[in-house]
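Student: Fold the stuff below for me.
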Amino acid sequence: MKARILIVEDEEKLRRVLSLQLESAGYEVVLAGSAEDGLKLAERSNLILTDLRLPAMDGMALLEAMQRQNARIPVIVMTAFGTVEIAVEAMKKGAADFLPKPFSLDHLMAVVRKALEVQSLREENVLLKEELGRRYQFENIVGYGARMQEILGAVSRVAPSRTTVLLCGESGVGKDLIARAIHHHSPRAAQPFVKINCTAIPENLMESELFGYEKGAFTGAVTAKPGKFEQADGGTVFLDEIGDVPTGVQVKLLRILQEREFERLGSNKTKQIDVRVIAATNVDLRRALEEGNFREDLYYRLNVFPITIPPLRERSEDIPVLADYFLRKFARETGSAVGGMSEEAQRKLVSYHWPGNVRELENVIERSLLYAAGTVLQPDDVRLDHAPRRATNGTPASGNGHGDFLPEGVSLDEHERQLIREALKRAAGNKSQAARLLGLSRNALRYRLSQMGLE
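Tutor: Presented below is the predicted three-dimensional model:
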């Protein structure tokens, strides 16, 4: 849409020159010979260009009236009696910019473009904030089944406090969304929300990333740098995949939870910090405790208010609602003509085992829309990832005969050793990636390697 510019100028010749210039640049122009006429036309305009010397009500009075009527519309004032004092007064009263006469048409266009760009950024910022607000309202976390309603009730109870929360659940169930909802509905909502993916940070960099460092703390530390916790001061830190934090860093995390203080790497100065901690894990931390990979005191500090988010296969009643939500979302974003899905397509989705949970469902719906030819999603349009079914409750994932347990003549220890070697081979030696292939935390894999002498 063309930007609509209102010109308020009592000199007809200048009005005409300004109008021709702006129209030639692609803007829609509306003209007014007085401030009173300008006020009547202002509401439907994107920008106002006004003279300060006008009959009856002058441009400064128009500026003040516009601030009361709609402060979002930028106003550029122009006058032949330009002084620094007048410019300062106009800017104090809300003017977007100031043009002293005479001015070149090139200067005019530069000022107009700048004012419209700033206004566009401000409106975009407002829309983004409103969208974030809508996204993390409880009613927009899709889940109408009894188990999800129980979780949302727990979120509602814990959000207003500063209690530490531990979110448990498989990858893709929505732990990030729940963490953001807790923050958004807390007294810290206006403060930073800092997410830390513990798996993505190399072990040798984790301490400096989390707690910062001083100049000269290590080779390459040419300046001091605050860590993630300092960046989140007053807000919330979300520690995703907490099970992958090395034991050395766990001690410092425990101190933050207990004493609310820490030191940067290379510093003896203690810093106080006010953060709420939300942690998440997709592994069994109790098993990590037994293996000695996770500190018991840290576990109990984190496990103050645990919330376990069930996998999608255990809340199949939410699958049709979630699928419809994602369908409408991607149809709107891509301009797709698909407006719904058939009952057969819904049944196909419900019967699938969803190893990737809600994240996988979202990806499947986005992909399926690209295959859809009509206005209703059909079963053939739904393209699922037919990966091997994940083993649960000790039940083998697939197989035939004795192969479901151990290969003939191979001990359990040797079989485990072979699996770990194969995972490391496929991951090209990357322990974090190999751990994910095996369904372990990085610390659990490191423990097994040391026990087997494979380190």
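Student: Can you tell me what sits against stretch 161-173?
Tutor: Counting contacts by C-beta atoms under 8 Å, 6 or more residues apart in numbering, the residues outside stretch 161-173 that touch it are 158, 175, 178-179, 182, 186, 188, 242, 257, 276-282, 285, 301-312, 356-360. To be clear about C-beta, it is placed using only N, CA and C from the backbone, and glycine gets the same treatment.
Student: Give me the buried stretch members for it, please.
Tutor: Along stretch 161-173, the positions that meet the burial threshold by neighbour count (16 or more other C-beta atoms under 10 Å) are 164-173.
Student: Which pair of these spans the longest distance?
Tutor: Spatially, the most separated pair among the buried residues of stretch 161-173 is 164 and 172, at 23.5 Å (C-beta to C-beta).
Student: Domain map for this protein?
Tutor: 4-131, 146-308, 313-381, 409-452 (automatic domain parsing).
Student: how about a markdown table for these, with mean pLDDT added?
Tutor: Formatted as a markdown table, the entries for the domains of the chain read as follows, by pLDDT from 0 to 100:
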| stretch | mean pLDDT |
| --- | --- |
| domain 4-131 | 85 |
| domain 146-308 | 90 |
| domain 313-381 | 91 |
| domain 409-452 | 78 |
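Student: biggest helix in this protein, by residue count?
Tutor: Longest helix of the chain, by residue count under DSSP state H: helix 105-135.
Student: CA atoms of whatever helix or strand comes next after that helix as PDB?
Tutor: Heading C-terminal from helix 105-135, the first helix or strand you meet, by DSSP states H and E, is helix 146-158. C-alpha atoms of helix 146-158 as PDB (Å, rounded to 0.1, in the frame of the first residue of the first chain):
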ATOM      1  CA  ALA A 146      -6.700 -33.900  30.700                       C
ATOM      2  CA  ARG A 147      -2.900 -34.300  30.900                       C
ATOM      3  CA  MET A 148      -2.200 -31.000  29.100                       C
ATOM      4  CA  GLN A 149      -4.800 -29.100  31.200                       C
ATOM      5  CA  GLU A 150      -3.100 -30.500  34.300                       C
ATOM      6  CA  ILE A 151       0.200 -29.100  33.000                       C
ATOM      7  CA  LEU A 152      -1.200 -25.700  32.200                       C
ATOM      8  CA  GLY A 153      -2.700 -25.600  35.700                       C
ATOM      9  CA  ALA A 154       0.700 -26.300  37.100                       C
ATOM     10  CA  VAL A 155       2.200 -23.500  34.900                       C
ATOM     11  CA  SER A 156      -0.500 -21.100  36.200                       C
ATOM     12  CA  ARG A 157       0.400 -21.900  39.800                       C
ATOM     13  CA  VAL A 158       4.200 -21.600  39.500                       C
END
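Student: contact partners of helix 146-158?
Tutor: Under the criterion C-beta under 8 Å, 6+ apart, residues 138, 141, 143, 165, 178, 181-182, 185, 305, 307, 309-310, 314-315, 318 lie in contact with helix 146-158.
Student: Same question for stretch 252-264.
Tutor: Everything outside stretch 252-264 that qualifies as a contact, by C-beta under 8 Å, 6+ apart, is 164, 207, 210-214, 217, 224, 226-227, 229, 239, 245, 269-275, 277, 295, 297-298, 301-302.
Student: Give me the buried positions along that stretch.
Tutor: Applying a neighbour-count criterion of 16+ other C-beta under 10 Å, one finds 252-254, 256-257, 262, 264 buried in stretch 252-264.
Student: wait, which of the residues you listed is closest to residue 195?
Tutor: Looking at those and their distance to residue 195, the nearest is residue 253, at 15.4 Å (C-beta to C-beta).
Student: Return the distance of the helix or strand containing that closest one from the chain's centre.
Tutor: Under the criterion of DSSP H and E, residue 253 resides in helix 247-259. Between the centre of helix 247-259 and the centre of its chain there are 26 Å (C-alpha atoms, centre = their mean, to the nearest Å).
Student: one step back: between the buried residues of stretch 161-173, which sits nearest residue 423?
Tutor: Top of the list for closeness to residue 423, among these and by C-beta to C-beta, is residue 171 at 16.7 Å.
Student: where does residue 77 land in three-state SS?
Tutor: Assigned state for residue 77: strand (three-state reduction, DSSP: H, G, I helix; E, B strand; the rest coil).
Student: try residue 65
Tutor: Per three-state DSSP, the local secondary structure of residue 65 is helix.
Student: Is it in contact with residue 39, as I believe?
Tutor: Yes - taking contacts as C-beta atoms under 8 Å, residue 65 lies within contact range of residue 39: 5.9 Å.
Student: So between those two, which is more surrounded?
Tutor: A count of neighbours by other C-beta atoms under 10 Å puts residue 39 above the other of residue 65 and residue 39, at 19 against 16.
Student: Tell me the buried residues in the helix or strand the more buried one falls within?
Tutor: Residue 39 belongs to helix 35-42 when assigned by DSSP H and E. By 16+ other C-beta under 10 Å, the buried positions in helix 35-42 come out as 35, 38-39, 41-42.
Student: in the stretch 251-400 of the chain, which spans are strands?
Tutor: Along the stretch 251-400 of the chain, the segments classed as strands by DSSP state E, counting those that start in this stretch run 261-263, 270-272, 276-281, 305-308, 340-341, 376-377.
Student: What strands flank the first one, and is each parallel or antiparallel?
Tutor: Under the criterion DSSP bridges, strand 261-263 sits next to strand 270-272 (antiparallel) in its sheet.
Student: Contacts for the partner strand, please.
Tutor: When contacts are defined by C-beta under 8 Å, 6+ apart, strand 270-272 is touched by residues 230, 260-264.
Student: about what we covered before: which element is encountered next along the chain beyond the helix holding residue 39?
Tutor: Following helix 35-42 toward the C-terminus (DSSP H and E): strand 47-51.
Student: got the angle for that next one vs helix 35-42?
Tutor: 170 degrees (axes from the mean of the first three to the mean of the last three C-alpha atoms, to 10 degrees).
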